[in-house]
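> Dropping the sequence and predicted coords here.
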Amino acid sequence: MKLYYSQNSPYARIARVIARELDQIDSIEEVLSRNRKRDNPVLRYSPVGRVPMIVEDDLVITEVGNVARFLASKSASQDAASVTSDEWTAIMQEGQILGFVEGLAFWVRENRREQEDRSVHLLGVEHERAKRCLTYLEREAQTGHLGEFPSLRFVALAVGLALADHYDLLTGWKHEFPNLAAWFQDKPERTSMKQTEPI
């Protein structure tokens, strides 16, 4: 089985963390993609060209949620069931968290543009979205509704918060959202997170 990724994609990192948390990394060959390049190996299998992507024989699995579910289906871990939960509360929470990560990823991409090409409006929109998400996530943390790895939504949340810290997007968030900060506190030190840090 091959897992295609890019070093700075939070979505690919989510899949790579889950593979490690489910003790599957030894059965996976990680392949670095070349996003937005014509010789991107991902394009041999998927016209969309996005990571993460799993290729096993003739099966091509794309999108982080599907990749996480596929990895969970290959795992004997009891915790893997939380990755594919049919409970609407979990599905709702997962959607909020993945939307938060998507906004942060957009924010990072926009900041990589030349200063004069950046959209002040869009950066403001993403900052506001992130603050709304943090408010929601603080309530979830305060009421004990944030769980642990290897659940897709909680790996995604840790990766998103680490991304915000890496690029200093949300200065002071840990002081303003202390329950969420307490939930996140030990996540960056996990081996799976250390092994997949962005460059």
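Good, I have the coordinates.

> which one's the longest helix in this protein?
helix 88-112 (DSSP state H).

> In terms of secondary structure, what does the next helix or strand after it contact?
Once helix 88-112 ends, the next helix or strand along the chain (criterion: DSSP states H and E) is helix 120-142. Judged by 3 or more CB pairs under 8 Å, 6 or more residues apart in numbering; DSSP states H and E, helix 120-142 is in contact with helix 88-112, helix 178-184. (Each C-beta comes from the backbone N, C-alpha and C, glycine too.)

> rerun at 10 Å
helix 88-112, helix 152-166, helix 173-176, helix 178-184 (3 or more CB pairs under 10 Å, 6 or more residues apart in numbering; DSSP states H and E).

> returning to what we had before: for the longest helix of the chain, give the mean pLDDT please.
Computed over helix 88-112, the mean pLDDT rounds to 85.

> for it, which positions count as buried?
90, 93-94, 96-98, 100-105, 107-108 (16 or more other CB atoms under 10 Å).

> is it possible to export the helices and strands packed on helix 120-142 to TSV including distance to residue 21?
Shown next, in TSV, are those (distance: least, CB to CB, whole Å):
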stretch	distance to residue 21
helix 88-112	16
helix 152-166	7
helix 173-176	24
helix 178-184	16
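
> Out of the ones you listed, flag the one nearest residue 74.
helix 152-166 (14.4 Å; CB to CB).

> okay, the angle between that closest one and helix 88-112?
30 degrees (axes from the mean of the first three to the mean of the last three CA atoms, to 10 degrees).

> Can you name every helix or strand that helix 152-166 contacts?
By 3+ CB pairs under 10 Å, 6+ apart, helix 152-166 packs against helix 10-21, helix 64-73, helix 88-112, helix 120-142, helix 173-176, helix 178-184, helix 191-194.

> buried residues in it?
So for helix 152-166, counting by 16+ other CB under 10 Å, buried means 152-164, 166.

> Is residue 3 in a helix, a strand, or coil?
Residue 3 falls in the strand class when you classify it by DSSP: H, G, I helix; E, B strand; the rest coil.

> Hmm, residue 42 and it touching each other?
No. Judged on CB atoms under 10 Å, residue 3 makes no contact with residue 42 at a distance of 11.0 Å.

> Give the residues shared as contacts by these two.
Residues touching both residue 3 and residue 42 (CB atoms under 10 Å, 6 or more residues apart in numbering): 31, 51, 52, 53, 55.

> Dump those residues to TSV, plus neighbour count.
What follows is those, written out as TSV (neighbours: other CB atoms under 10 Å):
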residue	neighbour count
31	14
51	26
52	28
53	26
55	20
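
> Could you export these to TSV, including columns for pLDDT?
Below are these laid out as TSV (pLDDT from 0 to 100):
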residue	pLDDT
31	96
51	92
52	93
53	90
55	92
